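Asker: Below are the sequence and a predicted model; questions follow.
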Amino acid sequence: MKVFETKKRLKNQINSLKNQNISIGFVPTMGALHQGHLALIKASLQDNAQTIVSIFVNPTQFNNQDDLIKYPRTIAKDLQLLKSLSNDIIVYHPDANDFYEGKIESQHFDFDGLELVMEGKQRPGHFDGVGTVVKKLFEIIQPDRAYFGEKDFQQLQIIRKLVEKEQMPIQIVPVPIFREKDGLAMSSRNTRLLPEHRGIAPIINETLREAKALFKNNSIEDVKQYVYRKMDENPLLEMEYFEIADEKTLKPAKEKISGNKYRGFIVVYAGDVRLIDNIAL
Ligand code: AMP
């Protein structure tokens, strides 16, 4: 398995792949890999002759320095895991200074309002950071396809908008949320949960599934109130937001319009760990 740490060496490798017309699938990650990441990588291995995985805890997308410092980093284990999948994967594990050429800062993006709601509102600058890192990665790697998890659904829609606006010829492939047996969405942050929080965390997905059932015959406001009440009852979990939004525009929905598709989006703190999940309604 080849691991690249500098842009220059990776670019040489990409040029050689491009010269041979080899299809490239790309999976960007921040490491601490789990089965959710592997679902994306397996999809890429199936669709493409060459898969490239990046492992980079990107500083520009963290609005909270404490979160950046505490973010789990397990590169040796990650490489083992990737090797067990396939020896052919190329790994890009950049150094932040090499990647950003000494200027670790974000470009500002207009994603037609997708960046102004939910995660964009709660985490100022987050999607500028995501847009900056993904655009740079796309420019270096020039993939034919790139894989993104529906777990970060707003991010997925923003990346679709990014390639549309930047006119990048890259197919964005969505991958469904991979969950623990008890329903908790897999996340690198789950390793930081205290046992009591890990025990209660499946309630988040359970509540989303209840919201989905209620959505059929109840108003949006009633469904939202149900979810807020349910989380309120739980002293170990603190709700940051629950929103029902149009799947395409991500605009918060006030009433159901037939033909439109909706999703429920939730963020909950379990102790100091921020957990995110969503469901198609
Ligand atoms: P991260 O390392 O958290 O930045 O995630 C890298 C990619 O993996 C993103 O596209 C995520 O949406 C995706 N991902 C993370 N967890 C899951 C999961 N449980 N199921 C599906 N995709 C996931």
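Answerer: All right, it came through fine. Numbering: from 1, shown residues only.

Asker: so how far is stretch 56-67 from its chain's centroid?
Answerer: Mean C-alpha position of stretch 56-67 versus that of the full chain (Cα atoms, centre = their mean, to the nearest Å) differs by 14 Å.

Asker: Get me the contact residues on the stretch 101-250 of the chain for the ligand.
Answerer: For the stretch 101-250 of the chain, the contact set with the ligand under Cβ under 6 Å from any ligand atom comprises F148, G149, K151, D152, V175, I177, F178, A185, M186, S187, S188. Heads up, the C-betas are built off the backbone N, CA and C, glycines and all.

Asker: and the first one, bridged to which residues?
Answerer: Right, F148. Per DSSP bridges, the residues bridged to F148 are P174.

Asker: Would you agree it is in contact with Q171?
Answerer: No: using Cβ atoms under 8 Å, F148 is not in contact with Q171; the gap is 11.1 Å.

Asker: more neighbours, the two?
Answerer: It is F148, of F148 and Q171, that has more neighbours when counted by other Cβ atoms under 10 Å, with 21 against 12.

Asker: Can you give me every residue that contacts the more buried one?
Answerer: Listed by Cβ atoms under 8 Å, 6 or more residues apart in numbering, the contact partners of F148 are P28, L40, Q155, L156, I159, I172, V173, P174, V175.

Asker: filter those to the buried ones?
Answerer: Neighbour counting with 16 or more other Cβ atoms under 10 Å marks P28, L40, Q155, L156, I159, I172, V173, V175 as buried within the contacts of F148.

Asker: For the helix or strand encompassing K212, which residues meet the burial criterion?
Answerer: Per DSSP states H and E, K212 falls inside helix 202-215. Across helix 202-215, burial judged by 16+ other Cβ under 10 Å covers P202, I203, I204, N205, T207, L208, E210, A211, K212, L214, F215.
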